[in-house]
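> My questions are about this predicted structure, shown below with the sequence.
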Amino acid sequence: MSISVYGQDVERILVSEKEIDAITTRIAEEIDRDYENEEGKLVLLCILKGSVVFMGDLMKKIRRPVEIDFMRVSSYGEGTKSTGRIKIHLDLNRTDISECNILIIEDIIDSGRTLSYLSEYLRINGAKSVRTCTLLDKPSRREVEFSSDYVGKTIPDEFVVGYGLDYQEKYRALPYVGILKREVYEH
């Protein structure tokens, strides 16, 4: 495995490519089992931008038919801390939402505010059902009571990048999840 120029900013690998492959396989099997007898469409709702790599790998392993859609939301400002306010930059625009079992695909849960807000938002807008799926979970950072229906891996409170996760739009293409060196983001 070659290290990209950005790889030198990673302190250590937290979730390897092999582990990510096992996680996506396990979650896909759980989704297939849980939605086996559900009526309606299964819509994987990717939260841009960080979740796109995870969703791409996950949807290839789900055996039942799925549709995909996208939303772009933010709760972060310029730095590494959440503002606590959820802003929708790209909304879901479907006329068939009442026929949709929406599975929100997220890269990481920190405070829990974003997924808690989006779950309620989609229910209020008429989704048939709403569940959540996250690659990474940091329960030590939770500010609201929230648990995801599908969790890839629980991780410690570290600043992580790679496999879609970024810092200032960098590091998304790393094939693993790594802990970013503090000197990179603490000036």
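Arrived safely. Keep in mind that this is a model prediction, so the values were computed, not measured.
> how about the helices in the chain?
Counting by DSSP state H, the chain has helices at residues 17-34, 52-61, 113-124, 182-185.
> what about the ones you listed, which gets the closest to Asn101?
helix 17-34 (9.8 Å; Cβ to Cβ). All C-beta atoms are positioned from the backbone trio N, CA, C, and that covers glycine.
> who's in contact with that closest one?
Helix 17-34 is contacted by residues 1, 15, 42, 54, 57-58, 61-64, 103, 131, 133, 135, 149-150, 152-153, 163, 175-177 when judged by Cβ atoms under 8 Å, 6 or more residues apart in numbering.
> CA atoms of that helix as PDB?
Written as PDB, here are the backbone C-alpha positions of helix 17-34 (Å, rounded to 0.1, in the frame of the first residue of the first chain):
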ATOM      1  CA  GLU A  17      -9.000  -1.000   4.400                       C
ATOM      2  CA  LYS A  18      -9.500  -4.700   5.300                       C
ATOM      3  CA  GLU A  19     -11.600  -3.700   8.400                       C
ATOM      4  CA  ILE A  20     -13.700  -1.300   6.300                       C
ATOM      5  CA  ASP A  21     -14.400  -4.100   3.800                       C
ATOM      6  CA  ALA A  22     -15.600  -6.400   6.700                       C
ATOM      7  CA  ILE A  23     -17.700  -3.600   8.200                       C
ATOM      8  CA  THR A  24     -19.500  -2.800   4.900                       C
ATOM      9  CA  THR A  25     -20.100  -6.500   4.300                       C
ATOM     10  CA  ARG A  26     -21.600  -7.000   7.900                       C
ATOM     11  CA  ILE A  27     -23.800  -3.900   7.600                       C
ATOM     12  CA  ALA A  28     -25.100  -4.800   4.200                       C
ATOM     13  CA  GLU A  29     -26.100  -8.200   5.500                       C
ATOM     14  CA  GLU A  30     -27.900  -6.600   8.500                       C
ATOM     15  CA  ILE A  31     -29.700  -4.200   6.100                       C
ATOM     16  CA  ASP A  32     -30.800  -7.100   3.800                       C
ATOM     17  CA  ARG A  33     -32.100  -9.000   6.800                       C
ATOM     18  CA  ASP A  34     -33.900  -6.000   8.400                       C
END
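> Report the angle between that helix and helix 52-61.
50 degrees (axes from the mean of the first three to the mean of the last three Cα atoms, to 10 degrees).
> for this protein, where's the lowest mean pLDDT among helices and strands?
Least confident helix or strand of the chain, by mean pLDDT, DSSP states H and E, is strand 82-90 with a mean of 76.
> The helices of the chain into CSV, with extra columns for distance to Glu143, mean pLDDT and mean neighbour count?
Below are the helices of the chain laid out as CSV (distance: least, Cβ to Cβ, whole Å; pLDDT from 0 to 100; neighbours: other Cβ atoms under 10 Å):
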stretch, distance to Glu143, mean pLDDT, mean neighbour count
helix 17-34, 25, 98, 16
helix 52-61, 23, 98, 19
helix 113-124, 6, 94, 18
helix 182-185, 21, 92, 13
